[in-house]
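In: structure of the sequence below:
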Amino acid sequence: MLRLLKFLSLIGCVFALQGCAQAAVVSPTVNVDVLAYYPADIDESSGLVAASGRYWTHNDSGGDAVLFGLDKATLNVDHEVKLPGAMATDWETVTASDTHLFIGDCGNNRGARRDLAIYKVAVDDLAKPIAPVEKIDFSFSGQQDYSKRKSHDYDCEAITAVNDQLWLFTKNRKSLTTDLYILSQRGTPQRAVKQQSFPVDGLITGADYNAQTGVLALLGYTKASVWGFSFIWLAPTNSASEILWEKAVRLIVQPYGQWEGIAWESSDALLLTAERSALGPNQVGRIKVTTLPEISIRH
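Out: Prediction:
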């Protein structure tokens, strides 16, 4: 972790000297070490989070409202929790606080959904085969147009818990930026208020905040489908939990895959999950962020 922090600090110092407000566009490559392949009934793993002694994942849409628990040592599925009070319309992300797990039913490919929601499950109930849920209904402040369209700024596939908030990161197909919205972990309905935009140069599919190190990880991929690649942005935060984007760095993830879920395993390792696609199987893997190669900075 010390090497990672030095790495981020170096990038920040270079850009401070240059007076640049944008993040450094650096692209060292990190390789995914495949750890396990999911069974056939988890073919669209869209989120990943650690809670209650396990990792948890879920399918994307169209199936039952079920959480799959993964043994932390083997990453094999060893528990399932059914959520009869939830609808799996388009589950895209999962995160957790100390007390609750939050599932983002916020996939909104065409921008027409008026039923965006986050399902809230008590961590203490995750040991049960069936668990009750609370529902947080929300909408995006500023959205007026609910017509179906390809390019809009109101799709969301990445949510992470930060202190007593939920941070939502949008998947902006036209601008290739991501917008940060914030919700409370309590109360319904809510209006998600836009805070900032970040030039990620791609489409964000996952997020995880490490409360111990203050480093935010954003997972995504480039818009180009043929010559594209997956990537991870690492951005430190300060004591006020403000994202220091001028110190953010980008890592290219190999092999290219439909990587959708991301979770900090430790201060220097991340776990990724992939949906089954033409790019590869449904799987879970690890990347290390302490063995970064030499980098060059493009201005």
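
In: which regions of the stretch 101-250 of the chain lie under the pLDDT threshold?
Out: 225 (pLDDT under 70).

In: specify the beta-bridge partners of the closest residue to residue 33 other than its chain neighbours.
Out: Nearest non-adjacent residue to residue 33, counting by C-beta to C-beta, 6 or more residues apart in numbering: residue 286, 4.9 Å away. For the C-beta atoms, the positions are set from N, CA and C on the backbone; glycine is no exception. Beta bridges link residue 286 to residue 33, residue 271 when assigned by DSSP bridges.

In: how many other residues sit next to residue 286?
Out: 16 (other C-beta atoms under 10 Å).

In: measure it to residue 94 for me?
Out: According to C-beta to C-beta, to the nearest Å, residue 286 and residue 94 sit 18 Å apart.

In: now do the end-to-end distance for stretch 44-53.
Out: 23 Å (C-alpha to C-alpha, to the nearest Å).

In: give the buried residues for it.
Out: Judged by neighbour count (16 or more other C-beta atoms under 10 Å), stretch 44-53 contains these buried residues: 44, 45, 46, 47, 48, 49, 50, 51, 52.

In: now do it: distance to the chain's middle.
Out: 10 Å (C-alpha atoms, centre = their mean, to the nearest Å).

In: neighbouring contacts of it?
Out: 38, 55-61, 72, 91-96, 101, 103-104, 123-124, 126-127, 157, 205-206, 208, 260-265, 271-276, 282, 284 (C-beta atoms under 8 Å, 6 or more residues apart in numbering).

In: ok, now with 6 Å
Out: Defining contact as C-beta atoms under 6 Å, 6 or more residues apart in numbering, one finds that stretch 44-53 is touched by 56-60, 92-96, 101, 123, 126, 260-261, 263, 273, 275.

In: tell me which of the residues you listed fall in helices.
Out: Among those, the subset assigned to helices under DSSP state H is empty.

In: pull out the buried residues from those.
Out: Buried residues within the contacts of stretch 44-53, counting neighbours by 16+ other C-beta under 10 Å: 56-60, 92-96, 101, 123, 126, 260-261, 263, 273, 275.

In: mind listing the helices for the stretch 1-150 of the chain?
Out: 2-18 (DSSP state H, counting those that start in this stretch).

In: can you pull out the strands in it?
Out: 29-31, 33-37, 47-51, 54-58, 66-71, 77-82, 93-96, 100-105, 117-122, 134-140 (DSSP state E, counting those that start in this stretch).

In: okay if I get those as JSON lines plus distance to residue 234?
Out: Putting the strands of the stretch 1-150 of the chain into JSON lines (distance: least, C-beta to C-beta, whole Å) gives the following:
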{"stretch": "strand 29-31", "distance to residue 234": "10"}
{"stretch": "strand 33-37", "distance to residue 234": "18"}
{"stretch": "strand 47-51", "distance to residue 234": "17"}
{"stretch": "strand 54-58", "distance to residue 234": "20"}
{"stretch": "strand 66-71", "distance to residue 234": "24"}
{"stretch": "strand 77-82", "distance to residue 234": "29"}
{"stretch": "strand 93-96", "distance to residue 234": "17"}
{"stretch": "strand 100-105", "distance to residue 234": "21"}
{"stretch": "strand 117-122", "distance to residue 234": "25"}
{"stretch": "strand 134-140", "distance to residue 234": "26"}
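
In: which of those strands sits closest to residue 231?
Out: Nearest to residue 231 among the strands of the stretch 1-150 of the chain is strand 29-31; the distance by C-beta to C-beta comes to 9.6 Å.

In: from the chain's centroid, how far away is that closest one?
Out: Taking mean C-alpha positions (C-alpha atoms, centre = their mean), strand 29-31 and its chain are 18 Å apart.

In: sheet partners, orientation included, of it?
Out: Here, using DSSP bridges, strand 29-31 pairs with strand 249-254 (parallel).

In: just the buried positions in the partner strand, please.
Out: 249, 250, 251, 252, 253.
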